[in-house]
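Asks: Let me see the structure of the following:
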Amino acid sequence: MRFVKRRFFITLLLLVCFSVVGVWLFSSHVIASPDQYVKSDPLSQTAPWIVQPPEFRNKLLHYTQLQTQQLKDSASAPEKERTTLADIWMKLNQLGELEQFYGLYTSADGKTFYQEIYEDRQTSTTVFGKKDPFMQQMPLGCPIQSPQTPSALKTPRILFIDMMKLQQATFQMKRTAPAPSQNLSPSFITQKQSLPSPQKVYAATGAVQIWEKTEKLNGGEAERNVTEEIDQHHRLLVDYAVTRTASGAMSSMKTVFGTVEVYETEKGTSSVFPTHAQLLTKGCDR
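Replies: Below you'll find the predicted structure:
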């Protein structure tokens, strides 16, 4: 019984510490949670060093991200791993608040469907795929539709850094390195082709700064290392957090954020976002 309790504690500790420092993260959903692609954003998204550029107000934003998650329950346990490619569109209002969110989540090669979600300020609809390797069973009532409130919508998931506050959080700049590749994947949403050229593009060029932080957790029971790669615009390009316990358990998450495209909201918005009815019609048979 003590072994079972200890193993449960270690797994729980890893899950709590799974995301990046501060809060996301990604937020701390279990790696096998079916809705983690959206609900699991990096902890740093609510951290005090995260800021949003004012030029994103009243804009349509698009980007892709590649996220790799690993989980190992003990030193002798097999390691679980999954890499998820996300194609994301967001519409922000004049206050910079999220009005609409659409995300399509697949395997890294884009061939295996994992999840699709559309949220506005009234309703949230989520469709799950059958081939997610970490999906233990299909949620009851799939697709899932529920009422939405403006406060429940996530803040924009494109992360920019207040460098002063990052230093105040005891991150240290360790080195510079070439910018990582951001050629993650073309958009899966074919309607993108009907949009005009983006008003602005945030692409990583030149060197990036690599900032790191290490902290002890639970009185030394575990240690978490966080690495952030930040470009010349102070945009977060890579977020990597790994937590290890003294017993050999481990969890890690690495998110690579792709190029960000900024569009005028009045041009092509309706061609990007699906309707809730369309998602319900697709069902959970993919």
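Asks: from here on, contacts and neighbour counts on C-alpha atoms
Replies: Fine.
Asks: looking at this protein, which helix or strand does the model trust least?
Replies: Least confident element among the helices and strands of the chain, by mean pLDDT, DSSP states H and E: helix 36-39 (a mean of 35).
Asks: For Ala169, see how far away the closest residue to Gln52 other than its chain neighbours is.
Replies: Of all residues beyond its chain neighbours, the one nearest Gln52 is Phe160 (6.1 Å), with distances taken as C-alpha to C-alpha, 6 or more residues apart in numbering. Summarising the geometry, the distance separating Phe160 from Ala169, computed by C-alpha to C-alpha, to the nearest Å, is 15 Å.
Asks: of those two, who's got more company?
Replies: Legend: neighbour count by other C-alpha atoms under 10 Å for Phe160 and Ala169, higher for Phe160 (19 against 15).
Asks: Bridge partners for the residue nearest to Gln52, pull those for me.
Replies: When bridges are taken as DSSP bridges, the partners of Phe160 come out as Val51, Arg235.
Asks: OK, contacts around it?
Replies: Going by C-alpha atoms under 8 Å, 6 or more residues apart in numbering, Phe160 touches Ile50, Val51, Gln52, Pro53, His233, His234, Arg235, Leu236.
Asks: what would these look like in TSV with neighbour count, pLDDT and distance to Lys282?
Replies: Rendered in TSV, the data for these read as follows (neighbours: other C-alpha atoms under 10 Å; pLDDT from 0 to 100; distance: C-alpha to C-alpha, whole Å):
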residue	neighbour count	pLDDT	distance to Lys282
Ile50	18	83	36
Val51	18	83	36
Gln52	17	78	34
Pro53	12	81	35
His233	13	87	39
His234	16	91	39
Arg235	23	91	35
Leu236	23	92	34
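Asks: got JSON lines for those residues, with distance to Gly96 too?
Replies: JSON lines is the format used below for these (distance: C-alpha to C-alpha, whole Å):
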{"residue": "Ile50", "distance to Gly96": "14"}
{"residue": "Val51", "distance to Gly96": "11"}
{"residue": "Gln52", "distance to Gly96": "8"}
{"residue": "Pro53", "distance to Gly96": "9"}
{"residue": "His233", "distance to Gly96": "19"}
{"residue": "His234", "distance to Gly96": "18"}
{"residue": "Arg235", "distance to Gly96": "17"}
{"residue": "Leu236", "distance to Gly96": "19"}
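Asks: still on that earlier bit, now do the residue nearest to Gln52, the pLDDT please.
Replies: The model reports Phe160 with a pLDDT of 89.
Asks: Met250 pairs with what?
Replies: Here Met250, judged by DSSP bridges, has bridge partners Lys72, Arg244.
Asks: where does the stretch 101-250 of the chain dip in pLDDT?
Replies: 133-140, 151-152, 154-157, 182-194 (pLDDT under 70).
Asks: Can you show me the strands along it?
Replies: 113-119, 123-128, 144-147, 160-161, 172-178, 200-202, 207-217, 222-230, 236-245, 250-257 (DSSP state E, counting those that start in this stretch).
Asks: Which one of those strands lies nearest to Glu81?
Replies: strand 250-257 (9.4 Å; C-alpha to C-alpha).
Asks: Helices of the stretch 51-200 of the chain, residue ranges please.
Replies: Read by DSSP state H, counting those that start in this stretch, the stretch 51-200 of the chain holds these helices, from start to end of the chain: 163-168.
Asks: so what's Ser247 up against?
Replies: Ser247 makes contact with Ser74, Ala75, according to C-alpha under 8 Å, 6+ apart.
Asks: what does Arg224 give?
Replies: Taking C-alpha under 8 Å, 6+ apart as the test, what Arg224 contacts is Cys17, Thr214, Glu215, Lys216, Leu217, Ala241, Val242, Thr243, Arg244.
Asks: What residues are bridge-paired with it?
Replies: On the basis of DSSP bridges, Arg224 is bridged to Glu215, Thr243.
Asks: what's the answer for Thr126, then?
Replies: The partner residues for Thr126, given DSSP bridges, come to Ile117, Ile144.
Asks: Likewise for Leu66?
Replies: Under DSSP bridges, the beta-bridge partners of Leu66 are Leu85, Val256.
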